[in-house]
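# sequence plus predicted model, see below.
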Amino acid sequence: MLLLCLLKRHVAVYCRKEQELRQSDERYRLVVEFAPDAILIHDGTRFVFANAEAAKLFGADGAQQLIGREIMDFVAEESRDSVAERIRQNLVAKAPSSLREQRYLRLDGTSIEAEVAAVPFALDGVPGALIFMRDIGPRKAVERSLRASEAKYRLLADNAHDLICTFDAALRPTYVSPSVRKLLGYTVDEALTVSMDAVMTPQSADKVRQDLLALDGTGSRDRNFLYSVEVQMIRKDGVMIWMEAMVRCVFDATGQFRGYLGVLRESTERHRAAEELILSRQFNALILEAIPDPIFVKDSFHRFVMVNEALCAILGHPAAAIIGKRDGDFVSPEEAAVFVERDNLVLETGLPDRYEERLTDSLGQAHVLITRKGLFIDPKGNRFIVGVIRDVTEDKTKEQQLRDSLLEKEVLLKEVHHRVKNNLQIISSLLFLQKDIISDPKVQDIFEESRNRIASMALIHEELYRSGDLGRVDLKDYLERLAPKVVQSLRGQRSIGFALHLAECRVSVDKAIPFGLIINELLTNAVKHGFAGRDAGSIRLSMALEGTTIQAVVEDDGVGLPEGFHPDAVRSLGIQLVVQLTRQLRGALTFGSGRQGAIFRLSFPQQDLPV
C-alpha cells in the first residue's frame, strides 16, 4: 500500500514536471518565433533551425526554405573567412562569438549588412551553434549618408571663400574655416584663441556684442532669426577691412540654444564702391548742370523727375516748379501731344528715339529741337525716359542759308560747264572750217584728230551739265556717247563696227578728262592703223570696276601691233598722250597682239590716292 502511494506521488510529480517542461518549451518557442531578431541554429555546416524573422531576413517564404541549406551559401565573399573562423570558435573552442558586423546574402543574391552573435549549442550531443542576427542595413545607410553629408559640409566650409565660424553662447569661437588665413591673415589655431576685440574695431565689436547678447531679452532667438551687419575688422598685419556678416542662432537636438553660426564676406570693395558711387553722383550732377543742352528724365506717367538748368531756362521755370509736372503744363496742347507720342514710342518698344520737334518757349519764341530719348529701367522695374535736347534753331537758319547759297552756286557751275562746252564746240567748228581749206590729207587728219580730242573734253562738260552731280562723271554714259562719235568720224567708207561692255562707274572730273582722252586716242589708233588694207573690222571696248580699280580694255580684230612695238618708243603725238595721261592717272598700261588683232589694257584707281 505504501509502495502504491509512493508510486502515485511519483507519477503526480512527474506529470507536474512534464507539464512545467511543456509550458517552458512553449514559452521559449514563442520567444524564438516572435523575437525581433533572426535566430538560427546550425551544426557547423547547415542550418537546422530558423525562426520567422530569419526567413524574412533572407527573403525566404518560410523557415523550411533555409533548413538544410549550407551556411556558406548565404555568406558574402568578403565575410567567408570571418564566418568560418567564428564557426570554428563555437564548435571547436566551445566559446561564444561576440557581436560583429558581417555581410550575408539573401536568396535572390542581394547583400545584407548584419550584426551577428553566436554561442555554442549542442544538438543531441552533436556540436552546433545558436546564431542571433539583426539587419543593420538601414542604420548603416543612414550613417553613411550622415558621414557623406558631414564630409560635404565640412569640405564646403573648409574650402569656402567666405569666412565660416561658430561661437558658443559667450561669443567664444569654436570653429573657424581655413579661409581665415586669406581674409584676416590668421591660422585656424590662432583664430580660435583671438578675441572679438582683437579682430574688430571697438565700435564694431561693441555693436555686435550688444546686438547679439540683447537677444536674451527680446526673445528673438529662433531658428529663422538672421542677423546681418557690416563690421570693420583688423587683419593680423593691421590693415582695416570691411566685412559683411550674417549670423544665425545654433540649437541642439532638444532645441536648446548653443551659440551662433556666422558667415563673413569681405565687402571692402563694395564699401569703397558705395563711397565712389556717392562721389560719382555728385560729379555727374555737376556735369549735368554744366552741359549747355537741356536734359530731362520723365517717369512712365510723363512726369518730370529730373531736369537741368538748361531745360529750366528754355521752359522759363525753376526746377522745383517743373518736377512732377507734364509737358502740357508748359507748352501748347499740340506740341505736348507730339512729345507724349514720342515718349510712348520709347516706353513701348524700348528703342532709342531721335526726333525733330517744335517748342514755343515762355516768351513766345519758336524753337526747333533735336531730341534724343532712351529708356532706363531701374532695379525695381520702374521705367523712365531719359532725354537730351539740342536747340538747332540757329543751325536750321544757317542750314537754309547755306542750301540757298549752294543752289545758286550749282546753277552758276552748270552754266560754267555749259559755256565751256560751247566754247570747245566753237573751237571744234573752227578747226573743221580750217580743215576744209587744206588740201593735204595728212594735215586734214591732224585737224580731225584734234577735233576729236576737243570733242572728248567737251563731252565731259556736257555730261556734268546734264547730270545732277557736278563733281563726278558717269563713265558708262560718257563712253556710250564718245565711242560712236570717234569711230564714225574716222572710218570713212569702211565697215567698222564696235561693241561696248561697260559697268557703272563714276569718277571725278580730274580723272574723267585724261581717261576720255586716252580712250579717244586708243580708238583713233585702232580705226586708223588696226585695219590697214582692210575694208571691214570690229572694235571692242569694255570697262569694269574691280574693287577700287577701274579696268578698261580696247581691242580690235585687225592686223595687230608692229613687231617690237612699245609706246615709249613711238614718236606719234597720240601714243605719247596715252603714256603721259596714264601716268597722270597713276595707272598702268599693258598692250599686246593676238590672233585677232591688238589689245590695250588700262587700269587706274577710282579714287584719288594720297600723295
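Perfect, I can see it now.

# every contact and neighbour count from this point should use C-alpha atoms.
Fine.

# so what pLDDT did T218 get?
As predicted, T218 sits at a pLDDT of 52.

# where in the stretch 351-500 of the chain is pLDDT low?
400-402, 404-436, 442-471 (pLDDT under 70).

# where do the helices sit along it?
Assigned by DSSP state H, counting those that start in this stretch, the stretch 351-500 of the chain shows helices spanning 393-436, 441-466, 475-490.

# got the contact list for R181?
T187, V188 (C-alpha atoms under 8 Å, 6 or more residues apart in numbering).

# check which element follows the one helix or strand it maps to along the chain.
Under the criterion DSSP states H and E, the helix or strand holding R181 is helix 180-184. Next helix or strand after helix 180-184 toward the C-terminus (DSSP H and E): helix 188-193.

# what secondary structure does G560 sit in?
Three-state assignment for G560 (DSSP: H, G, I helix; E, B strand; the rest coil): coil.

# how about low-confidence regions in this protein?
By pLDDT under 70, the low-scoring segments of the chain are 1-35, 146, 148-160, 215-223, 400-402, 404-436, 442-471, 594-595, 608-611.

# off-centre distance for stretch 384-398?
Stretch 384-398 sits 35 Å away from the centroid of its parent chain (C-alpha atoms, centre = their mean, to the nearest Å).

# list the buried residues of that stretch.
F384, I385, V386, G387, V388, I389, D391 (16 or more other C-alpha atoms under 10 Å).

# one more: stretch 124-134?
In terms of neighbour count (16+ other C-alpha under 10 Å), stretch 124-134 has its buried residues at P127, G128, A129, L130, I131, F132, M133, R134.

# give me phi/psi at the second one?
As for G128, its main-chain torsions (degrees, to the nearest 10) stand at phi -160, psi -170.

# which one of the buried residues of stretch 384-398 is nearest to T166?
F384 (46.1 Å; C-alpha to C-alpha).

# what about the closest residue to the closest one other than its chain neighbours, how many residues nearby?
For F384, ignoring the flanking residues on the chain, the nearest one in space by C-alpha to C-alpha, 6 or more residues apart in numbering is D299 at 4.5 Å. When neighbours are defined as other C-alpha atoms under 10 Å, D299 has 18 of them.

# likewise E190?
E190 has 12 neighbouring residues, counting by other C-alpha under 10 Å.

# in a helix, E335, correct?
Yes - the assignment for E335 is a helix, going by three-state DSSP.

# what residues sit buried inside stretch 232-239?
Going by 16+ other C-alpha under 10 Å, stretch 232-239 has these buried residues: Q232, M233, I234, R235.

# for stretch 340-354, same thing?
V340, R342, D343, V346, L347, D353.

# next step: those restricted to strands.
D353 (DSSP state E).

# tell me the contacts of A526?
Going by C-alpha under 8 Å, 6+ apart, A526 touches I539, E555, D556.

# and the gap between the closest residue to the last one other than its chain neighbours and Q551?
Ranked by C-alpha to C-alpha, 6+ apart and with sequence neighbours excluded, the top spatial neighbour of D556 is I539, at 4.4 Å. Between I539 and Q551 the distance, using C-alpha to C-alpha, to the nearest Å, works out to 17 Å.

# looking at these two, which is more packed in?
When I539 is set against Q551 and neighbours are counted by other C-alpha under 10 Å, the residue ahead is I539, at 23 against 19.

# that one contacts S495, correct?
No - I539 sits out of contact with S495 when judged by C-alpha atoms under 8 Å, with a separation of 11.1 Å.

# is it true that H302 lies in a strand?
No - read with three-state DSSP, H302 is coil and lies in no strand.

# chain neighbours aside, what residue packs nearest to it?
In space, H302 is closest to R326, 6.0 Å off (C-alpha to C-alpha, 6+ apart).

# kindly report the same for I575.
I575 sits nearest to P567 (C-alpha to C-alpha, 6+ apart), 6.1 Å away.

# which stretches in the stretch 101-250 of the chain count as strands?
Listed in chain order, the strands of the stretch 101-250 of the chain (DSSP state E, counting those that start in this stretch) span 111-120, 129-135, 163-168, 173-176, 227-234, 240-251.

# can you tell which of the ones you listed is closest to F531?
Of those, nearest to F531 by C-alpha to C-alpha is strand 240-251, at 96.4 Å.

# so which residues make contact with the helix or strand following the closest one?
The helix or strand immediately downstream of strand 240-251 is strand 257-266, counting by DSSP H and E. For strand 257-266, contacts defined as C-alpha under 8 Å, 6+ apart pick out 162-171, 183, 221, 241-252.

# what's the angle between strand 257-266 and strand 240-251?
Per axes from the mean of the first three to the mean of the last three C-alpha atoms, to 10 degrees, the angle that strand 257-266 makes with strand 240-251 is 150 degrees.

# strands paired with strand 257-266, and their directions?
For strand 257-266, the paired strands and their directions (DSSP bridges) read strand 163-168 (antiparallel), strand 240-251 (antiparallel).
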